[in-house]
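Enquirer: Everything below, folded, please.
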Amino acid sequence: MYLDRTYHPRRRTRGLARFWPLFLAAVIGVILYEEQPTWLVPQSPLPTPTPTRSAIFYQASAESALRTGNYDAAFRAYNEMSRLEPTNPDSFVALSDLYLMFQDLDRALQKAQQAVSVAPDDPDALVARARALNWKEENDDAAIDAFNALEINPDHVHTLAVLGEIYTDVGNRDIAEEYINQALTLDPQDVLALRNRAYLLEQRGDYAEAATAFEAAIAAAPQRFDLYIQYGRLLRVGLAEFDKAVEIYRKAVDVYEAPITLDALGDGLYNNGDHLQAVRELRKAVEIDPEFGFAQVHLGMALYARRNYEDAATHLDKGLRLVGDRARIEQFYTAGLAFIYKEPSECDKAIPWLQKALALDTESTPVIDGLTRCSQ
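Expert: Just a heads-up that it's a prediction; the model follows:
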């Protein structure tokens with residue numbers, strides 16, 4: 001093929017036309033900038049509704065908190081559960097058990113009553129009320145509830161354990177042992193049954209065996225601060241092992257630092273003769289809860305032992321008003337003596353406490369000495 005080498009293709013003359021795309025893009029950009037359409041402006045994401053937590057969620061939260069010794073969180077969770085499901089006895093039963101651990105007997109009974117009111121045929125509810133009544137020394141009514149629960153479920157472990165506790169308190173310890181053994185046969189690791197076995201042995205005076213039983217209960221539930229407190233009491237009162245008792249009380253504080261555990265530790269230190277450290281621990285307790293009567297009383301006793309009569313009188317006076325008839329005779333007359341020995345002496349405040357002690361023991365030497373001082 002012949003090629004014409006003189007041929008050159010014509011170049012196209014584009015002129016301004018080649019800039020039209022850029023010009024058009026610029027115009028669109030200006031319009032969008034000026035108008036700011038809503039689809040162009042970044043929008044804040046719409047808030048999503050917070051899911052409503054169920055009663056089951058709070059029950060699981062409470063049980064998880066108890067496993068780690070977070071009793072404050074457990075109380076909150078069970079209270080929320082009871083608010084969401086007011087006809088479910090489980091939260092009331094759990095709250096009753098918790099209040100017993102904290103020795104708040106009135107609230108324990110109140111929650112147990114609520115459980116029975118919404119589920120009168122529930123053995124857990126009946127046995128919760130039975131135990132609260134037992135702790136308030138209303139054993140006849142406690143036994144009625146427990147036997148009613150047993151009729152509903154003859155193999156209810158907690159019913160058997162609580163019947164063991166009731167029979168221990170009324171002095172029929174052979175029957176108590178039968179019920180507790182039945183409970184442990186059904187569930188060898190049930191904490192209430194293990195605790196009640198230790199309590200039975202303690203009441204029998206078998207202190208060494210009771211100590212072993214308390215250790216078994218603690219091994220089954222190491223987060224239960226109340227078991228340490230009860231074990232420490234056995235060591236101090238039953239076995240006179242004051243150093244070991246203090247060690248156990250310290251473990252209770254490690255598990256859950258609260259007025260009830262600090263009070264146990266402070267009282268243990270006081271009985272071990274370490275009055276200065278007792279004052280330190282007991283001051284922590286009353287700072288957290290000034291209305292915890294036993295801590296106020298024990299702090300007053302420790303201050304009296306250190307001859308700080310002014311502060312001793314203040315704390316004993318407040319604590320004994322909170323504790324009432326649950327106080328011991330030596331605490332009553334120590335309050336009276338503190339008011340006598342302080343500067344200035346206040347016999348008008350001393351005499352009522354000395355008279356309370358005199359009603360318990362008309363031949364108490366400290367009481368008679370205190371009243372004689374005031375009469376002079």
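
Enquirer: Mind telling me what element Thr345 is part of?
Expert: Careful, residue 345 is Ser and not Thr. Secondary-structure assignment from DSSP states H and E places Ser345 in no helical or strand segment.

Enquirer: quick one: it and Phe339 touch, right?
Expert: Yes. At 7.1 Å, Ser345 counts as touching Phe339 under the criterion of C-beta atoms under 8 Å. Where C-beta positions appear, they are placed from N, C-alpha and C, glycine not excepted.

Enquirer: what about these two, which has more around it?
Expert: Phe339 (28 against 14; other C-beta atoms under 10 Å).

Enquirer: and the gap between the more buried one and Phe242?
Expert: As judged by C-beta to C-beta, to the nearest Å, Phe339 and Phe242 stand 29 Å apart.

Enquirer: same deal with Leu354?
Expert: 29 Å.

Enquirer: Equivalent analysis for Ala143, please.
Expert: With C-beta to C-beta as the criterion, Ala143 and Phe242 are 37 Å apart.

Enquirer: do Cys374 as well
Expert: Per C-beta to C-beta, Cys374 is found 34 Å from Phe242.

Enquirer: Would you agree Ala327 is in contact with Val297?
Expert: Yes. Ala327 lies in contact with Val297 (C-beta under 8 Å); the separation is 6.3 Å.

Enquirer: Now list whatever residues contact both of those two.
Expert: Residues touching both Ala327 and Val297 (C-beta atoms under 8 Å, 6 or more residues apart in numbering): 319-320.

Enquirer: ok, these two, which is more surrounded?
Expert: Each of Ala327 and Val297 has its neighbours counted (other C-beta under 10 Å); Val297 has more, 29 against 23.

Enquirer: quick one: the strands in this structure?
Expert: Taking DSSP state E as the criterion, the chain carries no strands.

Enquirer: which residues does the residue at minimal distance from the centre of it contact?
Expert: Centroid check for the chain by C-alpha atoms, centre = their mean gives Tyr71 as the closest residue, at 4.6 Å. Contacts for Tyr71 (C-beta under 8 Å, 6+ apart) come out as 65, 98, 101, 225, 256, 258.

Enquirer: okay, those in a markdown table with neighbour count next?
Expert: Shown next, in a markdown table, are those (neighbours: other C-beta atoms under 10 Å):
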| residue | neighbour count |
| --- | --- |
| Ala65 | 19 |
| Leu98 | 20 |
| Met101 | 16 |
| Phe225 | 25 |
| Tyr256 | 19 |
| Ala258 | 19 |
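
Enquirer: These in helices, which ones?
Expert: Judged by DSSP state H, helices contain the following of these: 65, 98, 101, 225.

Enquirer: ok, Leu200 touching Ile175?
Expert: No. Counting by C-beta under 8 Å, Leu200 sits too far from Ile175 to count as a contact (10.6 Å).

Enquirer: per-residue confidence at the residue nearest to the centre of the chain?
Expert: Listed pLDDT for Tyr71 reads 95.

Enquirer: residue ranges with poor pLDDT in the stretch 151-300 of the chain?
Expert: Along the stretch 151-300 of the chain, segments meeting pLDDT under 70 are nowhere present.

Enquirer: which residues in it form helices?
Expert: 157-169, 173-186, 191-204, 207-220, 225-233, 242-255, 259-271, 275-288, 293-305 (DSSP state H, counting those that start in this stretch).

Enquirer: Please produce JSON lines containing those helices, extended by distance to Asp122.
Expert: Output for the helices of the stretch 151-300 of the chain, formatted as JSON lines (distance: least, C-beta to C-beta, whole Å):
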{"stretch": "helix 157-169", "distance to Asp122": "11"}
{"stretch": "helix 173-186", "distance to Asp122": "18"}
{"stretch": "helix 191-204", "distance to Asp122": "17"}
{"stretch": "helix 207-220", "distance to Asp122": "25"}
{"stretch": "helix 225-233", "distance to Asp122": "24"}
{"stretch": "helix 242-255", "distance to Asp122": "30"}
{"stretch": "helix 259-271", "distance to Asp122": "29"}
{"stretch": "helix 275-288", "distance to Asp122": "35"}
{"stretch": "helix 293-305", "distance to Asp122": "33"}
